[in-house]
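Engineer: No letters, just coordinates:
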C-alpha cells in the first residue's frame, strides 16, 4: 500500500515545481499563439457596417479569415487615418469614389489586376471606367456599391409629387422640420442642383457659388437641426424632422424596413450618387486574401450581402448581383427600385442624366465650402 | 542632528508629492503645451507638419462664425448655470435645513446614482420624453395643449445641461449649506429676521464659497459639453465643442481646432479665477 502523500493540492509548490510549471508555460506559449494565428486577420478601413457580421461573417467562416475593421466618417477622416499610420496598416480600404484619386496620388493603394474583376458585367459603363479609379491604364480601385441622394421625406407631410423638387424643403408647413445631414458636400451639391447647375454642380464660378450660398441661406429658417447618422435616423423616426437634405435611401431605407413612413426620391433637378470602392492598401502583406475578398464582394453572393447591409443599404453594381438580389430578396429589390422598368431604378436615373456623381468642388477649396457651412449653421 | 532630520522629512514629503506632480505634468501641462505648439502647425495633405505660423490663429479669430459660436457658448453656459443654481437651491436648502441626517444621506446617494449611467445614454433617453410624439407632449395633449417642439432647440440643450450638472450642483450646495452653523440661523430668526431675509443675509453669505464653486463647476461642464447641444439642441447654433468637431472633420484641421480649444481654456481660466477670487474675498470689516 502506498503511503498517502501528505502534500495536498493546495499546499505551497516547491521551487522545482514552480520552475517546471514556468518552463512549461514558456514552451507552450508559441503554440498557443500559433493556434490563434491560424485565422488570418485582415485590417479593414471602411465606413461603418462593412466589417460587420451581416456582411462578412459567411466569408470569414468559409475562408478562415477575420476582419478587423476600423471605421471612419468621411473621406477626410479616412485620408487622415491612413496618413497617420505606417504603410501596410490597412489591408483593404473602402473609399468614397471621389477620394480614390487622392489615395492614389498619395501612394496609399496598390494597383489591381483588372482581369480579376467582372468589369464587363457592370450595370453601367461608367462603373467600369469610373473617374479616378484608373491611372496610366492601371486599375486602382473597384467600385462595389453605390447609393443615391435626393429628397428624403416623411410621407405623412410631403407627397411624392411635392418631393419631386427640392423646392419642397421650402414648404411653409415644414418650417423647423427640415433637417440637414451635417456634411457640406451633399447639402451644397443639392442646392447647386436646385439652382439649375446640373452636370456642372461642382464646377461653380464665383457668381454661381454666390448664388448657391444665397439659396442655402434662404433655407435656414426651415431648418430644425444638423445631424450625424444617429441624429438623422432618430429625427426621421420620431417625426421631429419631416424632410431631410443631404441623404437618401441609405438612411430612409433602414427606417422603411422598420415600417416608418419615410422615403427618398430623386427630384427632377437631379440627385447625387455616392459610390463606394475597395482598394488594396499599399504595403499590405495580405494582398492576395484582400483581392479574393474584393472578388467575393463583386460576386452575386457578395453583391446581395452588400445590398442588404444592415447599417445602410446600397445598390448592386453588377448585372449578376442585381439578378441574384431579385431572386434572393425580391422585396428589397423592389423597395430599393432595383428592378428593370422601375422609374426610380438607379441605373435608369443615371442613363437619363438625372444622377451626378459626388465630387469635390472644382473652383473652390473644400475649406471654402466648409467655412460657408459653419457660417450657415450659425446664421 | 536637527538639520539632518529636517532634510529627511522633506524628502519624505516630496516623495509623496511626486506622483501628483508627475501626473500633472504628463496629463495636463504636457498636453496643454503640445496643444499650444500644435496651434502653430500646418496641415499638408491631411497630415500635420511642424511649423511656427500664425495662420491658424488669424484664420479662426477673423471668422465671424467663430465669434458667433463663442458668444453663444458663453451665453448658453451662463443660462445653464443660472438655471441649475436656481433649481438646485430649494432642494439643497430643504436637504440641508429641513431633512433628517438619514434622509440627507439617502438623497445624496440618489443624486449620485445618475452618474452610474453613461451621460450619452441619459441624453438619448430624453428623445423618448421630449419628442413631439413623446411622453411630455402626450400628457399635455390630454389637457388640450401642444404638441410643442422641445428637441433641437435651446430648451433641449438646457435639458441636457441640467441632466449633466443639476445633480452635482445640488450635492455641492447641500454639502455647503449643511455645514453652516445652525445656531447662527436660529440666532437670526430669534432676533426677528424674516425667513427670506435669513436666507439672503445669513445663509447665502455663509455658503458663498460653496455656491460659487458649484456655479463654476456648472459653467465649466456646460461650456465644454458636446453631447447636449449636438443631440438635444440639434447643433442649431454650434457651440465651441461642436465647432472643434466640425473643424477636425473637414480637412483634419487639428491646429485650428487647437486654437478653439485654447480659447475655451483661456475663457474657463478667466472665469474660474474670477469666481475663486470672489468666493474667497473677505467681506469689508471681516478679519
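Structural biologist: Noted; the coordinates are in hand. Given the structure is predicted, the values throughout are model-derived calculations rather than measurements. Numbers count the residues shown, from 1 in each chain, chains lettered A, B, ... in the order given.
Engineer: ok, how many other residues are close to the residue in the stretch 101-250 of chain A that chain B sits nearest to?
Structural biologist: Closest to chain B within the stretch 101-250 of chain A is residue A:225: 2.5 Å, counting by Cβ to the nearest Cβ. C-beta coordinates here come from the backbone N, C-alpha and C atoms, glycine included. By the criterion of other Cβ atoms under 10 Å in any protein chain shown, residue A:225 has 28 neighbours.
Engineer: can you check residue A:251 too?
Structural biologist: When counting by other Cβ under 10 Å, one arrives at 26 neighbours for residue A:251.
Engineer: my guess is it meets residue A:228, correct?
Structural biologist: No. The pair residue A:251 and residue A:228 does not pass the contact test of Cβ atoms under 8 Å, sitting 10.9 Å apart.
Engineer: before we move on, back to that, quick one: the closest residue to the residue of the stretch 101-250 of chain A closest to chain B other than its chain neighbours and residue A:312, what's the gap?
Structural biologist: The spatially closest residue to residue A:225, leaving aside those adjacent along the chain, is residue B:234, at 2.5 Å (Cβ to Cβ, 6 or more residues apart in numbering or on different chains). From residue B:234 across to residue A:312, the span is 21 Å (Cβ to Cβ, to the nearest Å).
Engineer: more crowded one of these two?
Structural biologist: residue B:234 (26 against 22).
Engineer: phi, psi of that one?
Structural biologist: Phi and psi for residue B:234, reported as degrees, to the nearest 10, are phi 70, psi 20.
Engineer: Tell me the residues of the stretch 51-200 of chain B that contact chain A?
Structural biologist: B:63-65, B:68-69, B:72, B:127, B:131-134, B:149, B:151-152 (Cβ under 8 Å from any Cβ of the partner chain).
Engineer: From the residues you listed, keep the buried residues only.
Structural biologist: B:63, B:65, B:68, B:69, B:72, B:127, B:131, B:132, B:134, B:149, B:151, B:152 (16 or more other Cβ atoms under 10 Å in any protein chain shown).
Engineer: quick one: residue B:26 and chain A, what's the gap?
Structural biologist: Remark: distance between residue B:26 and chain A (Cβ to the nearest Cβ, to the nearest Å) = 22 Å.
Engineer: re the thing from before, residues that sit against both of residue A:251 and residue A:228, list them.
Structural biologist: Common neighbours of residue A:251 and residue A:228, using Cβ atoms under 8 Å, 6 or more residues apart in numbering or on different chains, are residue A:181.
Engineer: What about residue 52, how many residues nearby?
Structural biologist: Chain wasn't specified; assuming chain A. 16.
Engineer: Let me rephrase: I mean chain B.
Structural biologist: Neighbourhood size, residue B:52 [other Cβ under 10 Å]: 8.
Engineer: Name all residues that make contact with it.
Structural biologist: So residue B:52 contacts residue B:40 (Cβ under 8 Å, 6+ apart).
Engineer: Just the pLDDT for it.
Structural biologist: With respect to pLDDT, residue B:52 scores 95.
Engineer: now do residue A:1
Structural biologist: pLDDT for residue A:1: 39.
Engineer: related to what we said a few turns ago, among the residues of the stretch 51-200 of chain B next to chain A, name the ones in helices.
Structural biologist: Residues of these located in helices (DSSP state H): B:64, B:65, B:68, B:69, B:72, B:127.
Engineer: Distance of residue A:263 relative to chain B?
Structural biologist: Separation of residue A:263 from chain B (Cβ to the nearest Cβ): 19 Å.
Engineer: Check what contacts the helix or strand residue A:191 falls within and list those residues.
Structural biologist: Here residue A:191 sits within helix A:184-194, counting by DSSP states H and E. Under the contact criterion Cβ under 8 Å, 6+ apart, helix A:184-194 has outside partners A:149-150, A:165-167, A:180-181, A:201-202, A:204, A:208, A:212, A:215-216, A:219, A:245-247, A:269-272, A:274, A:356, A:358, A:360, A:369-370, A:372-373, B:250.
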